[in-house]
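K.L.:
How does the following fold in three dimensions:
(2 chains)
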Amino acid sequence: GAVVSQHPSRVICKSGTSVKIECRSLDFQATTMFWYRQFPKQSLMLMATSNEGSKATYEQGVEKDKFLINHASLTLSTLTVTSAHPEDSSFYICSAGKPRGLAGGRFTDTQYFGPGTRLTVL
Amino acid sequence: GQSLEQPSEVTAVEGAIVQINCTYQTSGFYGLSWYQQHDGGAPTFLSYNGLDGLEETGRFSSFLSRSDSYGYLLLQELQMKDSASYFCAVRDKGGYQKVTFGTGTKLQVIP
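P.N.:
Numbers count the residues shown, from 1 in each chain, chains lettered A, B, ... in the order given. Okay, here's the model as predicted:
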């Protein structure tokens, strides 16, 4: 298998503060990591693709100035929620891909997820 | 764009077999995966189909028909601990590309 960790697992903060969430691949290198947000009883919604050594790619509707992503090394990506507000309260999950092999003649990978960070903004 | 549809809820009896369907519409296709997520936890990988047919992993099997844009997850000998949400997921490109998740199916296993 593969292990992806996240820190912190849970954070409560006041409105207007910034919160940093770390995502680490512990036993493999990940040139690409993904950040998701999940609201209660809903599916995972991709926020952005974090690329090591370059700028993140954000999904439509996600504010890149509010959700800052830094992928400083092959094992670490960070998501900073700036000036958090109550509507940012959610479950944030990162994932990283590990090689799986070929499918339909093309290389593919399996996504391994971190344990998630539950953010509550008061 | 991508869209994946799943039934929202399924209830089944302990020891029985349950099938969770997934239909998808994608611009390209490089595999269908299935993930399990317990309440409050992160998704965990269950199964992957890159080509048509059935993949078996213990009590879980997954099937894919690319011509029908359809797949399913089959859970056999259901256990109470199988109560969770199950998501199908597709990517439209190979390699380390983003994955789009389905709407999710909440499975409740009852005694």
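K.L.:
Name the residues of chain B found near chain A, please.
P.N.:
B:29-31, B:33, B:35, B:40-45, B:48, B:50-51, B:87, B:89, B:91, B:93-96, B:98-104, B:106 (C-beta under 8 Å from any C-beta of the partner chain). Every residue, glycine included, has its C-beta placed from N, CA and C.
K.L.:
hey, what's the residue positioned nearest the centre of chain A bridged with?
P.N.:
Taking C-alpha atoms, centre = their mean, the centroid of chain A lies closest to A:W35, which sits 2.6 Å from it. For A:W35, the beta-bridge partners under DSSP bridges are A:A48, A:C94.
K.L.:
for B:L73, what are its contacts?
P.N.:
Residues near B:L73 by C-beta atoms under 8 Å, 6 or more residues apart in numbering or on different chains: B:Q19, B:I20, B:C22, B:W34, B:L46, B:S47, B:F60, B:S61, B:S62, B:Y86, B:C88.
K.L.:
just B:T100 next, same as before
P.N.:
By C-beta under 8 Å, 6+ apart, B:T100 lies in contact with A:L46, B:Q2, B:L4, B:T26, B:A89, B:V90, B:R91, B:D92.
K.L.:
Relative to B:S3, how far out is it?
P.N.:
Separation of B:T100 from B:S3 (C-beta to C-beta, to the nearest Å): 8 Å.
K.L.:
overlap in contacts of these two?
P.N.:
What both B:T100 and B:S3 touch, as defined by C-beta under 8 Å, 6+ apart, is the set B:T26.
K.L.:
Report the contact partners of A:D88.
P.N.:
Taking C-beta under 8 Å, 6+ apart, we find A:D88 in contact with A:V81, A:L119, A:V121.
K.L.:
again with A:Q6
P.N.:
When contacts are counted by C-beta under 8 Å, 6+ apart, A:Q6 is found next to A:I21, A:E22, A:C23, A:R24, A:I93, A:C94, A:G114, A:P115, A:G116, A:T117.
K.L.:
Out of those residues, who's the most crowded?
P.N.:
Within those, neighbour counts (other C-beta atoms under 10 Å in any protein chain shown) peak at A:C94, which reaches 30 neighbours.
K.L.:
Report pLDDT for that residue.
P.N.:
A:C94 is assigned 96 on the pLDDT scale.
K.L.:
So it is in contact with A:F113, correct?
P.N.:
Yes. In this structure, A:C94 is within contact of A:F113 by C-beta atoms under 8 Å, at 7.2 Å.
K.L.:
shared neighbours, those two?
P.N.:
Shared contacts of A:C94 and A:F113, counting by C-beta under 8 Å, 6+ apart, come down to A:V4.
K.L.:
rewinding a little: just the ones of the contacts of A:D88 in strands?
P.N.:
A:V81, A:L119, A:V121 (DSSP state E).
K.L.:
The second one against A:S90, yeah?
P.N.:
Yep, that's A:L119 we're talking about. Yes. Taking contacts as C-beta under 8 Å, A:L119 lies within contact range of A:S90: 6.1 Å.
K.L.:
For chain A, give me its nearest residue in chain B.
P.N.:
Nearest residue of chain B to chain A: B:G50, at 2.6 Å (C-beta to the nearest C-beta).
K.L.:
Identify, from the ones in strands among the contacts of A:D88, the entry nearest to chain B.
P.N.:
A:L119 (13.7 Å).
K.L.:
how deep is that closest one tucked in, by neighbour count?
P.N.:
Around A:L119 there are 21 other residues, counting by other C-beta under 10 Å.
K.L.:
got it, and A:G53?
P.N.:
Residues within reach of A:G53, counting by other C-beta under 10 Å, total 9.
K.L.:
And it, how far from A:H71?
P.N.:
7 Å.
K.L.:
now A:T57, which residues is it bridged with?
P.N.:
Applying DSSP bridges, one finds that A:T57 bridges with A:T49.
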